[in-house]
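Asks: predicted coordinates and the sequence they were generated for:
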Amino acid sequence: MGYKVEVSTVAPENDEGVHYIYEAPVRLWHWINAGSFFVLAVSGYLIAHPFPSLMGQASHHFLMGDIRFSHFVAAYLFGGGFLIRFLWSFIGNTYSRELFRIPVTSGIWWKDLAREIRWIFFLEKRPRKYYGHNPVAQSAMFVFFVLGALLMIGTGGAMYGEGLGEGSWADRIFGWITPLVGQPQDLRTLHHLGMWFILVFVAGHIYMAIREDIVGRQTSVGTMISGFRIFRK
Amino acid sequence: MSETVYEVMKSQGITRRSFIKFCSLMAAGMSLAPSFVPVIAQALETMPRVPVLWLHGLECTCCSESFIRSSHPLAKDVILSMISLDYDDTLMAAAGNEAEACLESVMEKYPGEYILAVEGNPPMNEDGMYCIVGGKPFVEQLRRVASKAKAVIAWGSCASWGCVQAAKPNPTQATPIHEILTDKQVIKIPGCPPIAEVMTGVITYITTFGRIPDLDREGRPKMFYSQRIHDKCYRRPNYDAGQYVEHWDDEGARKGYCLYKMGCKGPVTYNACSTTGWNNGVSFPIKSGHGCIGCSEKDFWDKGPFYKHLSNLDGFGIEADADTIGLTALGVAGAGVAAHALLTGVKKSREDHESGKTKDSPSGPSGKDQ
């Protein structure tokens, strides 16, 4: 398969067919990623705002330890998954590249973006059909998810490296981020902000996906499960 | 310069036995193996004492206060035996022109051999006029003395990071010394103040081995700053168990639970307090029931409040931390989604209604529909 990024994946108006869009690794990654992010957000919130204090001997409990453990397991899945997903964008079909490569140099893409924004603000009568992502979805995923995930992996990795200690793999890969952002407390602040940043995206992402299924002319949630995009009307 | 450390100690009546004991203590203090004891002993027997010039800029002298309370080694051993503290305006007997003459003579006699220790930092606003030493801006003295120094030590958070005088809005533009002496390797010993044993330990290392200790990414000696307070805190088991102090007077506080919820900055602070302790190892803040305020970290005054573990953020109103801002943003996004969903529903039902009308009248939308 030749390496190519399609600028526009607008489908013809009369296309009412069924197309295989999301390959199995992309779908698998999507749901592992969603699950790990859910665990990360919940456990992360509990690390920042722990449960009421437990009484008794310290040796009888390991509550915070378990919460942090789940955070780290989910973080490995999230970070590792992100890396594999990025590598897959070199191997997979053209739709697997949409997440990481935004064709900002193309005039057509910007026109499509404007058209899609008008649709979202109820200024267009009919939605368009897209084989892959529409430009609004694509930009939102890049800005909120890809950049957000990089922020979280970077700041989280740097904090994880602090725990593993100086000279550990995490410290070597991510340790330089700490002086870049200031000091360890700034890592913490950014890591908190990053979670909310991605959660805002999650809210919009789930809403738009379900909305697409209802008022759009193509399947959306089902496509990420089966891999097939079905056009209507 | 001609006298060695051992010779000076001997002349003070210190026995060989006490000298070797002292060497063992030094090795332990610097986390070195017992095999280093003879190395240290030999170095102290043969190496000439190093002249040290101790400058004071904008500071509160808490570093000096801490330093003179060192017990392993005793500060008097360091000052009187190990180094030749030739200039320190707080501790020296001479004053005025005589003191300044000491500084000049060391710089002339031992260029490239003396250690420059800086307590405090220079304010750069108004050409440095906010801190005058000997009739001239401190920054000039700092640059001049540093130019011929063998090594530069930044004592405390003032010299290392800027500390309270550099907190926002930093009216005097107090500047950490590594930003002034850009061509020198500055050894940062942050803390407000730094631990006495850490200060004397670093001096001992330099005089004993004739080189600066291994430094981390930020320029701090690894042997004292490679772990966070939290990593070696004796209350860490309470943290992992989920046992926290919730109020200053609750059961958890009496039992000595983790101070995380009271805003302890131990998890984000690199220092040796939880291992070496303070005042001859008697205690350290957490052991005394108060959270760490992160005094050895950059700009810790601006990362407050001290009693919350999340910092307030500027520009979002009072008491806004990352979570209140994030939750608000998510609320706004949720409201936006709900409003959009509502509009979508209204539009769709109207369209369905219209298309239903259209089906009833195949001749197309007619005037009476409007």
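Replies: Good, I have the coordinates. Numbers count the residues shown, from 1 in each chain, chains lettered A, B, ... in the order given.

Asks: report the central residue of the chain.
Replies: Defaulting to chain A. Among the residues of chain A, the one closest to the centroid is A:F145, at 3.9 Å (CA atoms, centre = their mean).

Asks: other chain: chain B
Replies: Residue closest to the average C-alpha location in chain B (CA atoms, centre = their mean): B:S296, at 2.2 Å.

Asks: and the residue of the stretch 151-300 of chain B that's closest to chain A?
Replies: Taking CB to the nearest CB, chain A has its nearest neighbour within the stretch 151-300 of chain B at B:G242, 3.3 Å off. To be clear about C-beta, it is placed using only N, CA and C from the backbone, and glycine gets the same treatment.

Asks: and chain B, by the same measure?
Replies: For chain B, CB to the nearest CB, closest residue to chain A: B:G326, 2.5 Å.

Asks: ok, the closest residue in space to that residue that isn't next to it in sequence - how many residues close by?
Replies: Leaving aside its sequence neighbours, B:G326 sits nearest to A:W196 (CB to CB, 6 or more residues apart in numbering or on different chains; 2.5 Å). Using other CB atoms under 10 Å in any protein chain shown, the number of residues around A:W196 comes to 21.

Asks: same question for A:F38.
Replies: Residues lying near A:F38 (other CB under 10 Å) number 12.

Asks: likewise for the one 5 residues further on?
Replies: Using other CB under 10 Å, the number of residues around A:S43 comes to 20.

Asks: if I look at the closest residue to it other than its chain neighbours, how far off is B:P122?
Replies: Of all residues not flanking A:S43 in the chain, A:H71 sits nearest, at 4.0 Å (CB to CB, 6+ apart). Distance of A:H71 to B:P122, given as CB to CB, to the nearest Å: 43 Å.

Asks: do B:V198 as well
Replies: For B:V198, the distance to B:P122 - CB to CB - is 23 Å.

Asks: one step back: contacts only, for the residue of the stretch 151-300 of chain B closest to chain A.
Replies: Taking CB atoms under 8 Å, 6 or more residues apart in numbering or on different chains, we find B:G242 in contact with A:P50, A:F51, A:S53, A:L54, A:H61, A:F62, A:L63, A:M64.

Asks: burial count for the fourth one?
Replies: What that stands for is A:L54. For A:L54, the count of nearby residues is 19 (other CB under 10 Å).

Asks: quick one: contacts for it?
Replies: Here A:L54 is in contact with A:H61, A:L63, B:A241, B:G242, B:Q243 (criterion: CB under 8 Å, 6+ apart).

Asks: pLDDT at it, what is it?
Replies: Listed pLDDT for A:L54 reads 93.

Asks: related to what we said a few turns ago, nearest spatial neighbour of the residue of the stretch 151-300 of chain B closest to chain A, chain-adjacent residues omitted?
Replies: B:G242's closest residue in space is A:L63 (CB to CB, 6+ apart), at 3.3 Å.

Asks: wait, doesn't the one you found sit right on A:F51?
Replies: Yes: contact status for A:L63 versus A:F51: in contact at 6.6 Å, counting by CB atoms under 8 Å.

Asks: B:A117 belongs to a helix?
Replies: No: counting by DSSP: H, G, I helix; E, B strand; the rest coil, B:A117 falls outside a helix, being strand.

Asks: which phi and psi does B:Q243 have?
Replies: phi -110, psi 110 (degrees, to the nearest 10).

Asks: pretty sure it contacts A:P52?
Replies: No: if you go by CB under 8 Å, B:Q243 and A:P52 don't touch, sitting 10.2 Å apart.

Asks: among those two, which residue is more densely surrounded?
Replies: In this view B:Q243 and A:P52 are compared by other CB under 10 Å, and B:Q243 has more residues nearby, 26 against 10.

Asks: helix or strand for the one residue in chain A that gets nearest to chain B, which one?
Replies: Of chain A, the residue with the smallest distance to chain B, taken as CB to the nearest CB, is A:W196 at 2.5 Å. A:W196 is part of helix A:184-215 when elements are defined by DSSP states H and E.

Asks: and for B:I187?
Replies: In this assignment (DSSP H and E), B:I187 forms part of strand B:186-189.

Asks: counting contacts, what elements does that strand pack onto?
Replies: Secondary-structure packing of strand B:186-189 (3 or more CB pairs under 8 Å, 6 or more residues apart in numbering or on different chains; DSSP states H and E): strand B:151-155, helix B:156-160, helix B:196-209.

Asks: run through who's touching that strand.
Replies: Contacts of strand B:186-189 (CB under 8 Å, 6+ apart): B:151-156, B:159-161, B:177-178, B:198-199, B:202, B:212-213, B:215, B:218-221, B:224.

Asks: near chain A, list only the ones from the residues you listed.
Replies: The residues of those that also fall near chain A, by CB under 8 Å from any CB of the partner chain, are B:E218.

Asks: what about stretch B:203-218, distance to the chain center?
Replies: 17 Å (CA atoms, centre = their mean, to the nearest Å).

Asks: what strand or helix carries B:L103?
Replies: Applying DSSP H and E, one finds B:L103 within helix B:96-109.

Asks: for that helix, which helices and strands make contact with it?
Replies: Contact analysis of helix B:96-109 by 3+ CB pairs under 8 Å, 6+ apart lists strand B:50-56, strand B:83-88, helix B:138-147 as its packing neighbours.

Asks: buried deepest among the ones you listed, which one?
Replies: Using mean count of other CB atoms under 10 Å in any protein chain shown, the stretch among the helices and strands packed on helix B:96-109 with the largest mean neighbour count is strand B:50-56, at a mean of 23.

Asks: toward the C-terminus, what is the element adjacent to that strand?
Replies: helix B:62-67.

Asks: what does that next one contact?
Replies: Counting by CB under 8 Å, 6+ apart, B:56, B:75, B:88, B:90-91, B:119, B:155-156, B:158, B:191-196, B:199-200 sit against helix B:62-67.

Asks: any quick PyMOL command for the buried ones out of these?
Replies: Burial among the contacts of helix B:62-67 is assessed by 16 or more other CB atoms under 10 Å in any protein chain shown; the matching PyMOL selection reads:
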select buried, chain B and resi 56+75+88+119+155+156+158+191+192+193+194+195+196+199+200
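
Asks: ok, back up a step: tell me which of the helices and strands packed on helix B:96-109 lies nearest to A:T219.
Replies: helix B:138-147 (68.4 Å; CB to CB).

Asks: coming back round to it: for the helix holding B:L103, buried residues please.
Replies: Under the neighbour-count criterion of 16+ other CB under 10 Å, helix B:96-109 has B:E100, B:C102, B:L103, B:V106, B:M107 buried.

Asks: tell me the mean pLDDT over that helix?
Replies: Mean predicted lDDT for helix B:96-109 stands at 91.

Asks: same question, stretch B:132-151
Replies: 93.

Asks: quick one on the thing from earlier: assess the claim that the residue of chain B closest to chain A and A:L193 are in contact.
Replies: Yes: using CB under 8 Å, B:G326 makes contact with A:L193 at a distance of 6.1 Å.

Asks: can you pull the contacts of B:C192?
Replies: B:C62, B:G156, B:S157, B:C158, B:C163, B:V164, B:C295, B:S296, B:F300.

Asks: what's the answer for B:Y270, then?
Replies: Counting by CB under 8 Å, 6+ apart, B:Y270 touches A:P184, B:R220, B:Y225, B:S226, B:Q227, B:R228, B:I229, B:S296, B:E297.

Asks: most surrounded residue in those?
Replies: B:S296 (31 neighbours).

Asks: helix, strand, or coil at that residue?
Replies: Here B:S296 is coil, with the state taken from three-state DSSP.

Asks: for it, give me phi and psi.
Replies: According to degrees, to the nearest 10, B:S296 has phi -100, psi 10.

Asks: please tell me how far B:T324 sits from B:E108.
Replies: Distance from B:T324 to B:E108, counting by CB to CB: 59 Å.

Asks: check B:A241 too.
Replies: Distance, B:A241 to B:E108, by CB to CB: 61 Å.

Asks: the helices in the chain, which residues?
Replies: Here I'm looking at chain A. A:24-48, A:63-91, A:107-120, A:135-140, A:147-164, A:169-174, A:177-181, A:184-215, A:221-226 (DSSP state H).

Asks: right idea, wrong chain: chain B
Replies: Under DSSP H, chain B gives helices at B:5-11, B:16-29, B:36-46, B:62-67, B:75-77, B:96-109, B:138-147, B:156-160, B:196-209, B:222-225, B:236-241, B:251-255, B:273-276, B:322-360.
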